[in-house]
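Engineer: Next one to model:
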Amino acid sequence: MMLEHALLTVRPGSESDFEAAMREALPIIEGADECHGAEVRRQVEDASTYLLLVRWTSVEAHMAFRATARYEAWRALTHHFYVGTLSVTHFFEPIER
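Structural biologist: Got it, this is the predicted structure:
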């Protein structure tokens, strides 16, 4: 399992609309093949910045999602809110204690 990390900056003043769109969009991504859940959190220090975390079986599963109609639906709901370039990275499993 790997974790996708995306830092999302939305247009100031559009936060409420973005959150409503994200409520509609999250089930789309969570229904994707090999997705094991997703969440979005709003930053405390900057109300226009959000953190998207998605658990995927692999990076390849995430990339495969990007080639689907589900991704296009996700994109149509969310991407017009973003300012600047998205930062999307992937992380391995947590380090065990």
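Engineer: quick one: the helices in this protein?
Structural biologist: Assigned by DSSP state H, the helices in the chain fall at 15-30, 59-65, 69-78.
Engineer: of all those, which lies closest to residue 90?
Structural biologist: Across the helices of the chain, residue 90 has its closest neighbour in helix 59-65 (5.1 Å, CB to CB). Bear in mind the C-beta positions are built from the backbone N, C-alpha and C, glycine included.
Engineer: so how far is that closest one off the chain centroid?
Structural biologist: The chain centre lies 13 Å from the centre of helix 59-65; the measure is CA atoms, centre = their mean, to the nearest Å.
Engineer: Would you mind putting the helices of the chain into TSV with mean pLDDT and mean neighbour count alongside?
Structural biologist: TSV is the format used below for the helices of the chain (pLDDT from 0 to 100; neighbours: other CB atoms under 10 Å):
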stretch	mean pLDDT	mean neighbour count
helix 15-30	98	16
helix 59-65	96	15
helix 69-78	97	15
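Engineer: Would you reformat the ones you listed as CSV and include distance to residue 44?
Structural biologist: Formatted as CSV, those follow (distance: least, CB to CB, whole Å):
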stretch, distance to residue 44
helix 15-30, 13
helix 59-65, 27
helix 69-78, 21
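Engineer: give the contact list for the closest residue in space to residue 24 that isn't next to it in sequence.
Structural biologist: Sequence neighbours aside, residue 77 is the residue nearest to residue 24 in space, at 5.8 Å (criterion: CB to CB, 6 or more residues apart in numbering). Residue 77 makes contact with 21, 22, 24, 25, 28, according to CB atoms under 8 Å, 6 or more residues apart in numbering.
Engineer: of the residues you listed, closest to residue 87?
Structural biologist: Once CB to CB is applied, the member of the contacts of residue 77 that ends up nearest residue 87 is residue 22, at 17.3 Å.
Engineer: shouldn't the closest one be in contact with residue 40?
Structural biologist: Yes - Residue 22 is within contact range of residue 40, at 5.3 Å (criterion: CB atoms under 8 Å).
Engineer: Report the set of residues contacting both of those two.
Structural biologist: residue 50.
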